[in-house]
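> Sharing a sequence plus its predicted fold:
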Amino acid sequence: MFEHVKSVANPGAAVFGATLLHAGVDSNWYARTVMKWNNGRGIFSNIDDDAEGLHGALSHHLDEVSIEIVGCVALFAGRT
């Protein structure tokens, strides 16, 4: 996805978003249940997603990458 965004964005454009992490984060029972349900039905595919992997994917395509984790949500930003 980041490769496609970068291909249509102006140089230096801000890219930001949020995603749910599954591994290595604090999540409550409800969040774990909803993610398990969504992953089981193919709505999500984040069972192996963690902050390190997200940072690597972002850094591969973007500059000035920042990630803030709140519970199991990763808020991210970077520049093309």
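Happy to help now that I have it. Numbers count the residues shown, from 1 in each chain.

> Mind listing residues that contact stretch 13-20?
2, 5-6, 9, 31, 35, 44, 46, 49, 54, 62, 72-80 (C-beta atoms under 8 Å, 6 or more residues apart in numbering). All C-beta atoms are positioned from the backbone trio N, CA, C, and that covers glycine.

> Let me see the mean pLDDT of that stretch.
On average, the pLDDT along stretch 13-20 is 94.

> Determine how far it lies from the middle of the whole chain.
8 Å (C-alpha atoms, centre = their mean, to the nearest Å).

> where do the strands sit along this protein?
All strands of the chain, identified by DSSP state E, fall at 14-20, 63-70, 73-79.

> show me the contacts for the nearest residue to residue 31 once chain neighbours are set aside.
Excluding the flanking residues, the one nearest residue 31 by C-beta to C-beta, 6 or more residues apart in numbering is residue 72, at 5.3 Å. Counting by C-beta under 8 Å, 6+ apart, residue 72 touches 20, 21, 22, 25, 26, 27, 31, 35.

> just the buried members of those residues?
Neighbour counting with 16 or more other C-beta atoms under 10 Å marks 20, 21, 22, 25, 27, 31, 35 as buried within those.

> quick one: the closest residue to residue 60 other than its chain neighbours from residue 40, how far?
Counting by C-beta to C-beta, 6+ apart, residue 60 lies nearest to residue 2, which is 7.3 Å off, once chain neighbours are set aside. Remark: distance between residue 2 and residue 40 (C-beta to C-beta, to the nearest Å) = 26 Å.

> just residue 4 next, same as before
27 Å.

> what's the answer for residue 55, then?
As defined by C-beta to C-beta, residue 55 lies at a distance of 27 Å from residue 40.
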